[in-house]
Each structure stands twice: as C-alpha cells, then as structure tokens.
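Asker: Sequence unavailable; structure follows:
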C-alpha cells in the first residue's frame, strides 16, 4: 500500500472515531442513560487512531551515520 493511501485510510479512521465519539457525547444529553465506560472506550479508540495518524504522517528520522 502506498504511503498516500495509508494516510488516507488513517485519516478516514480518525474521522470515523471522532464522529462516533461526538455522537455518543451528544447522546449523553438525551433522556436515556449512557455509560461512562463506553465513553472512555470511544475516547481511547479516537486517541489511538489519532496517534497512529500522527506517527504515520511524521517525517522519517534522519539517517544515522
């Protein structure tokens, strides 16, 4: 997989997790009960996806030598 396609996949994954997190946060204002544990899971999934994207987008380290 080319680096550009990999970055696009990671961007899509970050967007997906951000949307799920935003929807769940909005749901907390509704009449139904929500789970703090589920919110933490969604926050972790989003943070993990964002970290993978940042790592993939970072420039490679300079060669040692």
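Answerer: Here it is on my side, so go on. Note that this is a predicted model, so its numbers are computed, not measured.
Asker: the helices in this structure, which residues?
Answerer: For the chain, applying DSSP state H gives helices covering 3-27, 36-57.
Asker: List the buried residues of the longest one.
Answerer: For helix 3-27, the buried set under the neighbour-count rule, 16 or more other Cβ atoms under 10 Å, comprises 10, 13, 14, 17, 21, 24. The way it works is simple: take the backbone N, C-alpha and C, and place the C-beta from them, glycine included.
Asker: for stretch 55-65, same thing?
Answerer: Of the residues in stretch 55-65, none is buried (16+ other Cβ under 10 Å).
Asker: Also stretch 41-58?
Answerer: 42, 45, 46, 49, 53.
Asker: How far away from the center of its chain is it?
Answerer: Centre-to-centre, stretch 41-58 and its host chain are 4 Å apart (Cα atoms, centre = their mean, to the nearest Å).
Asker: just stretch 10-29 next, same as before
Answerer: Centroid displacement of stretch 10-29 relative to its chain, using Cα atoms, centre = their mean, is 8 Å.
Asker: Check what contacts that stretch and list those residues.
Answerer: For stretch 10-29, contacts defined as Cβ atoms under 8 Å, 6 or more residues apart in numbering pick out 34, 38-39, 42-43, 45-46, 49-50, 52-53, 56-57.
Asker: can you do 6 Å?
Answerer: By Cβ atoms under 6 Å, 6 or more residues apart in numbering, the surrounding residues in contact with stretch 10-29 are 34, 42, 45, 46, 49, 50, 52, 53, 56.
Asker: Understood, closing this out.
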